[in-house]
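A.B. asks: I need the structure of the sequence given here:
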Amino acid sequence: MKKILTFLLLFCCLAACNKAPEAVTNVIHPEWAKDAVIYQVNVRQFTDEGTFAAAETHLDRLADLGVDILWLMPIHPIGVEGRKGTLGSYYAVKDYCAVNPEFGTIEDFDHFLAVAHEKGFKVILDWVANHTGRDHAWTVDHRDWYFLDDDGNLATQYDWTDIAHLDYENNPEVYDAMESQMQFWVDRGVDGFRCDVASEVPTDFWEKAFADFRSLKPEGLFFLAEAEKPELQVNAFDAYYAWTQMHLWYDVCAGKKDAADLADFYVSYAGQTGMPAGTLAMNFISNHDQNSWHGTNTELYGPALKQFTVLTFLLPGIPMLYNGDEVNLPKRLEFFEKDPIDWSSDPDGMTTLYTELIKLRDAHACLWAAPWGGTMAILPTDHPKQVLAFEREVEGDLCLALFNISDEELSFHVDNHLVTRDSDFTLPAHGYHVIFSVGDCFGDCDQSEFENENQ
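C.D. replies: Modelled structure (predicted):
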C-alpha cells in the first residue's frame, strides 16, 4: 500500500487559492441529511407491476444497498388531453391530491410510506409547481391562473404540449392554492420534495412555502431544486442539481476536457456556479431525463463509469442514484410507455461498488455534506492533464483521492512539498485510489483503504 503523511496546513492553502462565494445559505439542513444518499424511484418502471405495493418489496434490498432518501417521481394522475405516448408524462399532473391509478390507491401509498419510514428511509415526492396537465380542474375553474395565447387558449411552454403553464406573477392566488396541495402530502408524512424546473417558479413562492412547512416539522424536511440557480439556495432549497459538473464530466469522458479542467472547476467551483456557501450540490451519474433522452451510463461514461461513480461519493454535496444505476441499466427507459427494469443481473458489479461507497461515506465524516463534511482541496501532481488528486478533511478524518483520468496506465507523483512520505502512485487507465486515515495515525496504524485497480 502506498503511504502518505498529513499534508500540514493543507486547508490554509485551500482558503488562499479558493475564492469563497459571496452568499451564504440561511437554510438549516436536517441533521439526517449529513451522510444521506438519494435514490430516485421511477415507480412505473421500477417493477413489472409498476405499483407502490410491488415497489415496497424492494425496500429491504434498498436498505441493504444503504440509500437513505427515496425520491418518488410524480405519483399523481396524469392528464389525458395532449397526452404523450400511451401512458403519458408523470409531469402532466391532473390532480395533485390523488395518486395515479396505475400505481395503486392512496392507501397503498400510505402503506408504502409507513413501511419505508419503519425501515429508516425518508421519502420525498417529485413536485410539479410550474405547470399542470391541460385537463386539470384549474384550467376550467381558474383559467386566468394560466398563460394564454393570443386566441385565449392555454399556452404551450417549450415542446411540452401536454401541460398548461401556471402564471404566478399575475395571479397571487396560485401561491396559496399550490401550497395547499403540497400541504396535503406534508400532512400525510412525506419528508420533503424534489421540485421540477424549480427556476421557472418565483423564488418567493418556494421561500414562503418551505418556511411554512419547516415550522411544522422540527426534525426537518428536505427540498431539492431541479435547478442550478443561486437565489433558490439562499432561503429556500437544501440542495440543487449539479448540472454544470455533469456536463463537464461528459466532456471529460468524450475527450474534450481533461483532469486539469476538472481541477480548475473544483478550485473555483463557487465562482463558476455562484452557489452560496453551505448549500448542497446533488452529485449524480444519471437521472430520468439523462437516461431516457441522452443515453445509458455506459453510453455516456464508457470505461470511466466506475471512476465517476466513485467521484460522485467523494465530492462535497449529496450523492444520488437513479434506479438501475446499481445494476448498470443497459437500456434507455421509455418515458411514456411501460418499460420495466430487469433486476436479474449485475454483470459489472455495480451493486457491490455502490454498497461499499455508501458504507465508506457513512463511516467517514470527511465525506459528509456541508456543513458537517470536509472542504475539498485540490493537490498538484506532475501529470495535471491526466490525474485529479484531492483531499477532504474534518476533525482529523482525512481522505486522499487519486484518479487517473487517462486511458493508459500512469505512474505519477503527488507534487506537494508538504508530503514527507512516499507519494508516488501507479494507476491503470480510468483507475482510482482512495485512502482514509483517522486522526494523526497514518501508515499501518488505524487506517482503512478503498482501492480499485479497474480490472
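A.B. asks: How about residue 54, nearest residue that isn't a chain neighbour?
C.D. replies: Nearest residue to residue 54, sequence neighbours excluded (C-beta to C-beta, 6 or more residues apart in numbering): residue 47, at 3.8 Å. C-beta: built from backbone N, CA, C; applies to glycine.
A.B. asks: The one you found touches residue 58, doesn't it?
C.D. replies: Yes - assessed by C-beta atoms under 8 Å, residue 47 is found in contact with residue 58 at 7.2 Å.
A.B. asks: returning to that earlier point: the residue nearest to residue 54: neighbour count?
C.D. replies: 18 (other C-beta atoms under 10 Å).
A.B. asks: That one and residue 74: what is the separation?
C.D. replies: 17 Å (C-beta to C-beta, to the nearest Å).
A.B. asks: What's the first helix or strand after the worst-scoring helix or strand of the chain on mean pLDDT?
C.D. replies: When each helix and strand of the chain is scored by mean pLDDT, DSSP states H and E, helix 10-17 comes last, with a mean of 35. For helix 10-17, the following helix or strand on the C-terminal side (DSSP states H and E) is strand 38-41.
A.B. asks: List the residues that contact the residue nearest to residue 348 when sequence neighbours are not counted.
C.D. replies: Closest residue to residue 348 apart from its sequence neighbours, by C-beta to C-beta, 6+ apart: residue 328 at 4.6 Å. Contacts for residue 328 (C-beta atoms under 8 Å, 6 or more residues apart in numbering) come out as 296-298, 305, 346-348, 350.
A.B. asks: Please apply the same query to residue 48.
C.D. replies: Residue 48 touches 54, 340, counting by C-beta under 8 Å, 6+ apart.
A.B. asks: if you set the cut-off to 7 Å instead, what comes out?
C.D. replies: Neighbouring residues of residue 48 by C-beta atoms under 7 Å, 6 or more residues apart in numbering: residue 340.
A.B. asks: tell me the SS of it?
C.D. replies: coil (DSSP: H, G, I helix; E, B strand; the rest coil).
A.B. asks: Residue 342 versus that one, what's the distance?
C.D. replies: 10 Å.
A.B. asks: same deal with residue 250?
C.D. replies: From residue 250 to residue 342 the distance is 26 Å (C-beta to C-beta).
A.B. asks: One more: residue 290?
C.D. replies: In this view, residue 290 and residue 342 are 19 Å apart by C-beta to C-beta.
A.B. asks: Compare those two and say which is more crowded by neighbours.
C.D. replies: residue 290 (18 against 11).
A.B. asks: In a strand, the more buried one, correct?
C.D. replies: No - checked against three-state DSSP, residue 290 lies outside a strand; its state is helix.
A.B. asks: ok, now which ones touch residue 69?
C.D. replies: Here residue 69 is in contact with 36, 38-39, 122, 124, 222 (C-beta under 7 Å, 6+ apart).
A.B. asks: do that again at 8 Å, thanks
C.D. replies: 33, 36-39, 121-124, 191, 222.
A.B. asks: Run through the bridge partners of it.
C.D. replies: residue 38, residue 122 (DSSP bridges).
A.B. asks: So it versus residue 260, what's the distance?
C.D. replies: 34 Å.
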